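# No letters, just coordinates:
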């Protein structure tokens with residue numbers, strides 16, 4: 001049965017991992033960091049791409065940048081697809097091993113995982129991102145902590161300080177791993193079990209966080225980042241308490257709410273069967289501390305949904321199985337899983353037969369035509385473009401052009417810049433802004449008010465536009481003859497990784 005389950009899971013991940021072929025907005029910045037490091041041997045602590053006000057910065061994703069660059073450089077699009085799918089599979093595989101620690105004989109039913117994974121498909125399947133490493137390492141931490149608690153083998157805990165060195169240099173989410181160890185220390189104390197090994201490992205793990213290219217400055221940055229205002233970043237908003245996202249992300253809520261309800265039902269069922277006093281005495285406090293912690297952070301931010309869902313699967317699957325198991329005959333059980341495998345296999349194979357493993361730069365997301373217009377007409381100067389498209393524009397047009405800012409705004413740029421940029425797109429104080437930051441070229445998302453404002457502005461003229469983006473140049477350049485960009489999307493997807501950034 002396990003073979004059928006894992007085969008179904010692998011095919012399912014491959015299917016959904018290829019349904020979305022977008023490239024993350026910040027992926028281009030990761031490639032720039034990776035290429036710069038391998039060509040120069042340095043991690044630049046300044047932003048050579050920007051004409052805005054920047055400062056010395058800490059790159060908490062520098063390790064991920066190196067890995068992404070190597071995969072893209074040597075294996076191209078298909079390498080990115082395989083890596084993403086493999087990371088997701090290994091994460092869920094680790095979660096199933098946590099389940100088996102608690103009950104070695106419990107069957108793994110795919111349908112439960114199907115619905116649970118759908119609740120976080122927005123986070124894990126959409127594109128390859130640095131968070132992918134945090135998802136896997138979070139699962140590995142849970143496995144090590146649970147194994148040490150159940151089997152009373154505390155030597156395995158010393159893997160955590162070593163893993164923390166890796167996690168610290170891959171992604172800022174390492175802080176979550178440290179919190180997990182602390183929660184285990186508190187939980188085991190409440191469980192009246194040995195907690196000192198966890199507490200000692202917690203302090204050692206905190207110290208190993210200092211093993212990074214930036215030393216204590218890195219830790220200071222991570223702490224300060226927790227208080228940053230990320231109002232303009234969708235993934236940092238609450239799916240439940242931010243009005244604009246209540247409906248746009250409804251399809252994920254439909255799956256996420258049942259996960260919360262099943263978690264609550266699991267607790268209430270256990271309380272009802274044991275009584276509240278016995279439930280408190282006998283229950284694993286560590287388990288519920290982790291579940292409550294991950295639930296709270298998931299309610300605060302879309303970005304954290306994955307950690308709650310993975311925790312629920314890891315710690316509550318056995319409860320769900322005992323509650324919903326109808327004790328079907330073994331043959332029917334196997335037949336049910338085989339039918340699901342066949343259906344997933346048909347869907348995956350039919351999808352992949354005609355599928356091109358090409359990550360795309362869609363015109364609706366990236367100003368690909370505007371960038372090509374600038375490139376073929378050799379237009380040099382500072383480009384004002386939205387922060388989420390900034391790293392793509394920089395990747396394609398540097399060194400002839402610099403951008404104002406990109407998606408790394410919390411690391412690289414002064415904190416007020418994101419607000420100044422927002423005002424420009426709302427047509428507020430934009431003339432003073434362009435003078436203050438000597439702006440030569442504008443690439444504007446057409447749904448913003450500034451698009452209509454600039455069309456009637458005497459200082460700028462509309463040099464080029466497509467369905468989604470508009471390119472404005474100073475009016476003094478109006479009478480020049482300009483070449484028009486290629487309109488074939490395949491051309492841009494084929495040449496998307498070509499860049500003039502070269503340090504050799």
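Arrived safely, thanks for sending. The structure displayed is predicted, hence computed values, not measured ones.

# wait, isn't residue 34 in contact with residue 61?
No. Here residue 34 lies out of contact with residue 61, judged by C-beta atoms under 8 Å, at a distance of 10.4 Å. The C-beta positions use only the backbone N, C-alpha and C, and glycine is treated the same way.

# Report the buried residues of stretch 210-220.
212, 214, 218-219 (16 or more other C-beta atoms under 10 Å).

# Stretch 482-494 now?
With burial defined by 16+ other C-beta under 10 Å, the residues of stretch 482-494 counted as buried are 485, 492-493.

# what's that stretch in contact with?
358-363, 368-370, 372-373, 376-377, 463-464 (C-beta atoms under 8 Å, 6 or more residues apart in numbering).

# switch to 7 Å and redo it
With C-beta atoms under 7 Å, 6 or more residues apart in numbering as the test, stretch 482-494 has contacts from 358, 360-361, 363, 368-369, 372-373, 376-377, 463.

# any low-confidence regions in the stretch 201-350 of the chain?
227-256, 322-333 (pLDDT under 70).

# make it 80
Scanning the stretch 201-350 of the chain for pLDDT under 80 picks out 224-267, 269-270, 272-274, 276-282, 319-334, 336.

# how about the helices of it, start to end?
For the stretch 201-350 of the chain, applying DSSP state H, counting those that start in this stretch gives helices covering 216-225, 243-248, 250-274, 276-282, 285-300, 305-324, 330-353.

# most neighbours per residue, which of those helices?
Mean neighbour count (mean count of other C-beta atoms under 10 Å) peaks for helix 305-324 among those, with a mean of 21.

# ok, residue 451 - contacts?
Shown in contact with residue 451 (C-beta under 7 Å, 6+ apart): 444, 470.

# The stretch 301-450 of the chain: strands as residue ranges?
381-384, 401-403, 441-445 (DSSP state E, counting those that start in this stretch).

# Contacts for the last one, please.
Contact with strand 441-445 is made by 367, 370, 374, 379, 381-386, 393, 450-451, 454, 460, 468-473, as judged by C-beta under 7 Å, 6+ apart.

# Kindly report the same for stretch 110-128.
Under the criterion C-beta under 7 Å, 6+ apart, residues 5, 8-9, 16-17, 20, 22-24, 80, 83-84, 88, 92, 135, 249, 252, 255-256, 258-259, 305-306, 309, 313, 317, 320, 337, 340 lie in contact with stretch 110-128.

# ok, now with 6 Å
Under the contact criterion C-beta atoms under 6 Å, 6 or more residues apart in numbering, stretch 110-128 has outside partners 5, 8, 16-17, 20, 22, 24, 80, 84, 88, 252, 255-256, 259, 305-306, 309, 313, 340.

# Likewise for stretch 312-321?
Under C-beta under 6 Å, 6+ apart, the answer for stretch 312-321 is 95, 98-99, 102-103, 106, 116, 142, 259, 263, 266, 287.

# which of these lies closest to residue 204?
residue 142 (18.8 Å; C-beta to C-beta).

# hang on, that closest one in a strand?
No. Counting by DSSP: H, G, I helix; E, B strand; the rest coil, residue 142 is not part of a strand but helix.

# domains of this structure?
Per automatic domain parsing, the structural domains of the chain span 2-353, 368-494.

# you'd agree residue 157 is up against residue 148?
Yes. Taking C-beta atoms under 6 Å as the definition, residue 157 is a contact partner of residue 148 at 5.2 Å.

# list residues touching both of the two?
Counting by C-beta under 6 Å, 6+ apart, residue 157 and residue 148 have no shared contacts at all.

# mind putting the contacts of stretch 482-494 in TSV, distance to residue 165 and pLDDT included?
As requested, the contacts of stretch 482-494 are exported to TSV (distance: C-beta to C-beta, whole Å; pLDDT from 0 to 100):
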residue	distance to residue 165	pLDDT
358	35	90
360	36	90
361	35	92
363	42	94
368	39	97
369	44	97
372	43	97
373	46	97
376	46	96
377	48	96
463	50	96
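
# Just say helix, strand or coil for the residue nearest to residue 221 when sequence neighbours are not counted.
Distances taken as C-beta to C-beta, 6 or more residues apart in numbering place residue 58 nearest to residue 221, at 4.2 Å, with adjacent residues excluded. State at residue 58, reduced to three classes by three-state DSSP: coil.

# My guess is residue 58 contacts residue 220. True?
No. The criterion here is C-beta under 6 Å, and residue 58 misses it with residue 220 at 8.4 Å.

# Report the separation between residue 63 and residue 137.
For residue 63, the distance to residue 137 equals 12 Å [C-beta to C-beta, to the nearest Å].

# now residue 360
Residue 360 is 29 Å from residue 137, where distance means C-beta to C-beta.

# Looking at those two, which is more packed in?
residue 137 (23 against 19; other C-beta atoms under 10 Å).

# Tell me where the stretch 1-150 of the chain has helices.
Going by DSSP H, counting those that start in this stretch, the stretch 1-150 of the chain shows helices at 2-19, 27-40, 62-102, 110-118, 121-124, 131-151.

# TSV please, covering the domains of the chain and showing distance to residue 502.
Formatted as TSV, the domains of the chain follow (distance: least, C-beta to C-beta, whole Å):
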stretch	distance to residue 502
domain 2-353	7
domain 368-494	9
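
# Quick one: closest of these to residue 504.
Evaluated over those, closeness to residue 504 peaks at domain 2-353, with 5.5 Å, by C-beta to C-beta.
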